[in-house]
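**Student:** Build me a model:
(one chain, ligands or ions: 2)
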Amino acid sequence: CLLYSPVEGYYKTSPYEPVKVPNVPLHEYVWRDFKKWENKTAAVCVITDRQYTFAQMRDASAALAVRLQTKFKLAKPDVLAICLPNMPEYPIAALGAIEAGLAVTTINPVYTAEEIARQLNFSEAKFLVGSVGGFNTLREACQLTKKQIPIAVVRSTAQESLPAGAIDFMDLISTENVRYDELSVPKDASGTDMVFLPFSSGTTGLPKGVVLSHNNIGSNCEQVAGALPIDSLVFQDTLPAVLPFFHIYGLTVVMLSKLSLGCRLATMPAFKPDDFIKSLDHYQGSILNLVPPIALFMLNNPKLTPELCPSLRVVMTGAAPIGQQDVERFLQKQGYGMTEASPVVLMTAEGNTRYASCGVLPGSTEAKIVPLDGGDSKGVGAGSTGEFCVRGPQVMSGYLNNEEANELTFYPGGWLRTGDVAYFDEDGLFYITDRMKELIKVKGFQVPPAELEAVLRDHPKVLEAAVFGIPHELNGEAPRALVVLRQNEKATAEEIANYVAERVAHYKKLEGGVIFVDEVPKNPTGKIMRKDLKAKYSD
Ligand code: ATP
Ligand code: MG
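**Tutor:** Ligands and ions are numbered 1, 2, ... in the order given. The predicted model follows:
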């Protein structure tokens, strides 16, 4: 194992021990301890109750690896695309492809044929795994690429019939008549090879393909495990896996890291309140990785009582900002990450009570805060805000085929520019205040929309809010708020705007007005799609 050694400097380092970069193929990392729990359940589908033990999952993915190599002649550096909702077969497809020496690109299963075709072309995928329900869209997408891409589909029940032209994924993972000795390991395999090509969420522009290596993801699993107290995770903890596996948070933090620790995944294809409640009550979910909308759902649903989920021990949120009061009410942990960093860059420590903080750096990670006006690129000290820049073994080598973005995204010395505004306090706890691209500029002042959203959410009648800038003749821009009121509440736009005006500096007032809506549009990981709001609600 390689030891990642941080360089001392003016910037912040992690309070944790450095992590060992696994430097083994990712499937070996995930399966390294599987013998300890081979007969326990690795994943169960909350809808159909179909399940695989660790031994079954390990064997099925090895069988897939053999067939991808021998029947389909796939080998490094080929890419396999997975376009599936969460289900127990997802990790089988991913780990099988990796064992065959392939890299995996993960596609959002609600994408249209055009969007899928774009990702297939961009990643040059040679094989596609999808669901029966998604088959027609996948076939259309493949036609658009004008390439012959074999499509294997997962049948989630024996009754589901195989669409004409599809390959039965269940045949590919069958352990009958497999010649495991036929599997060949690429001779020049290295920990720095690409293992996943996920895409960023596209919150601030088009989604970008992020090249992540075996070592990036393996290190991040080690970093996350190192920042969790030893006794907070025991094998056979159950994790309701509702965050999409195609997104880096679900992929690394939920799927790969938890399987490597012997936890059971209770998978759900989408967030549906009843299924989610079943994962906590029937399947006794004990650790929960959430995003803010699901955390808020839990807080506001009267059916969800502590008696319903007595096994629940660890609840953590990440991926998008959440109000301080909401954290205080029931979340033990908060984390911050991005696709470009596999994803975890910050996690709160055990017993944290600074609820607004996203925590400290995990092992082997360094960070500096660079003033927004460029200024001192060496970084500023505690209490000063600026762009959050990080480096560590979890940071990507770069975006695929995007030299322009790569140049903009890295500072010399391998510092990844996160594009987020942050500061750290005297104890090295970090606070994410906003995204640089989303700051609203009023008379030359920067107004962070997330700050105004937090003020709005503190209003007793307000359930949810989203703030963005609209053009303003005199001031350049003005903050406008979309507001969702709590059930049976009534309020006027003026009342809400006054509430904010009493609590913020004059230039942050909601000069752009307040619009009441039924729902704030968000993506599956809870991010407010501000560029869509601007397009829709700026008039
Ligand atoms: P794109 O880069 O394509 O515009 P994206 O940045 O939303 O999309 P992701 O990699 O999924 O794509 O998300 C990373 C971003 O999510 C971070 O840069 C940060 O803005 C936000 N984020 C993640 N965790 C938190 C958190 N705990 N609090 C606030 N923001 C967070
Ligand atoms: Mg981003």
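
**Student:** Quick one: residues contacting the residue of the stretch 1-150 of the chain found nearest ligand 1.
**Tutor:** Proximity of the stretch 1-150 of the chain to ligand 1 (Cβ to the nearest ligand atom) peaks at residue 108, 11.5 Å away. Using the backbone N, CA and C atoms, a C-beta is placed for each residue, glycine as well. Neighbouring residues of residue 108 by Cβ atoms under 8 Å, 6 or more residues apart in numbering: 83, 115, 244, 246-247, 524.

**Student:** Looking at the residues you listed, which are in strands?
**Tutor:** Within these, residues falling in strands by DSSP state E are residue 83.

**Student:** Just name the closest of the contacts of residue 108 to residue 283, please.
**Tutor:** residue 244 (18.6 Å; Cβ to Cβ).

**Student:** which residues sit in contact with that closest one?
**Tutor:** 85-86, 108-109, 250, 524-525.

**Student:** closest to residue 328 among the residues you listed?
**Tutor:** Comparing the contacts of residue 244 against residue 328 with Cβ to Cβ picks out residue 525 as the nearest, at 22.0 Å.

**Student:** and the closest residue to that closest one other than its chain neighbours, what does it touch?
**Tutor:** Excluding its sequence neighbours, the residue lying closest to residue 525 (Cβ to Cβ, 6 or more residues apart in numbering) is residue 319, at 4.3 Å. Contacts for residue 319 (Cβ under 8 Å, 6+ apart) come out as 243, 249, 291-292, 337, 525-527.

**Student:** Output those residues in CSV, with neighbour count appended to each entry.
**Tutor:** Below are these laid out as CSV (neighbours: other Cβ atoms under 10 Å):
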residue, neighbour count
243, 28
249, 26
291, 25
292, 24
337, 24
525, 21
526, 21
527, 20
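
**Student:** Which of the residues you listed fall in strands?
**Tutor:** residue 337.

**Student:** Up against ligand 1, what does the stretch 401-539 of the chain have?
**Tutor:** Within the stretch 401-539 of the chain, the positions near ligand 1 by Cβ under 6 Å from any ligand atom are 418-420, 432, 435, 527.

**Student:** Next, give me the two most distant ones among the contacts of residue 319.
**Tutor:** Spatial extent of those (Cβ to Cβ) is set by the pair 292 and 337 at 13.9 Å.

**Student:** Now which of the residues of the stretch 401-539 of the chain next to ligand 1 would you call buried?
**Tutor:** Neighbour counting with 16 or more other Cβ atoms under 10 Å marks 418-420, 432, 435, 527 as buried within these.

**Student:** can I get the residues you listed in CSV with secondary structure and pLDDT?
**Tutor:** Formatted as CSV, these follow (DSSP: H, G, I helix; E, B strand; the rest coil; pLDDT from 0 to 100):
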residue, secondary structure, pLDDT
418, strand, 97
419, strand, 95
420, strand, 96
432, strand, 94
435, strand, 92
527, coil, 89
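
**Student:** now the helices for the stretch 51-200 of the chain?
**Tutor:** Here the stretch 51-200 of the chain has its helices, by DSSP state H, counting those that start in this stretch, at 54-70, 89-99, 113-123, 135-145, 169-172.

**Student:** Give the phi and psi angles for residue 339, as a check.
**Tutor:** phi -50, psi -40 (degrees, to the nearest 10).

**Student:** So it versus ligand 1, what's the distance?
**Tutor:** Separation of residue 339 from ligand 1 (Cβ to the nearest ligand atom, to the nearest Å) stands at 3 Å.

**Student:** Count the residues that sit near that residue.
**Tutor:** 23 (other Cβ atoms under 10 Å).

**Student:** hmm, back to that, pick out the lowest-pLDDT one from the contacts of residue 108.
**Tutor:** Least confident of the contacts of residue 108 in the model: residue 524, at 79.

**Student:** In contact with that residue, which residues?
**Tutor:** 108, 243-244, 247, 271, 291 are the contacts of residue 524 under Cβ under 8 Å, 6+ apart.

**Student:** now residue 85
**Tutor:** The contact partners of residue 85, taken as Cβ under 8 Å, 6+ apart, are 109, 131, 244, 269-270.

**Student:** can you pull the pLDDT of it?
**Tutor:** You'll see residue 85 listed with a pLDDT of 97.

**Student:** which parts of stretch 277-285 are buried?
**Tutor:** Judged by neighbour count (16+ other Cβ under 10 Å), stretch 277-285 contains these buried residues: 277-281, 283-285.

**Student:** These in helices, which ones?
**Tutor:** Those of the buried residues of stretch 277-285 mapping onto helices are 277-281, per DSSP state H.

**Student:** residues from the chain in reach of ligand 1?
**Tutor:** Within the chain, the positions adjacent to ligand 1 are 200-205, 207-208, 318-321, 334, 336-339, 358, 418-420, 432, 435, 527 by Cβ under 6 Å from any ligand atom.

**Student:** Repeat the analysis, applying 8 Å as the threshold.
**Tutor:** Applying Cβ under 8 Å from any ligand atom, one finds that the chain approaches ligand 1 through 199-208, 210, 247-249, 317-322, 334-340, 343, 346, 358, 418-420, 432, 435, 437, 450, 523, 525, 527.

**Student:** Take these and keep only those in helices.
**Tutor:** Residues of the residues of the chain next to ligand 1 located in helices (DSSP H): 248, 450.

**Student:** Can I get stretch 297-305 in PDB, CA atoms only?
**Tutor:** Only the C-alpha atoms of stretch 297-305 are listed here, as PDB (Å, rounded to 0.1, in the frame of the first residue of the first chain):
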ATOM      1  CA  PHE A 297     -39.500  14.900   4.600                       C
ATOM      2  CA  MET A 298     -38.500  12.900   7.700                       C
ATOM      3  CA  LEU A 299     -38.900  15.900   9.900                       C
ATOM      4  CA  ASN A 300     -42.300  16.800   8.500                       C
ATOM      5  CA  ASN A 301     -43.900  13.400   8.300                       C
ATOM      6  CA  PRO A 302     -46.000  12.500  11.300                       C
ATOM      7  CA  LYS A 303     -45.800   8.700  10.500                       C
ATOM      8  CA  LEU A 304     -42.100   8.800  11.000                       C
ATOM      9  CA  THR A 305     -41.600   8.400  14.800                       C
END
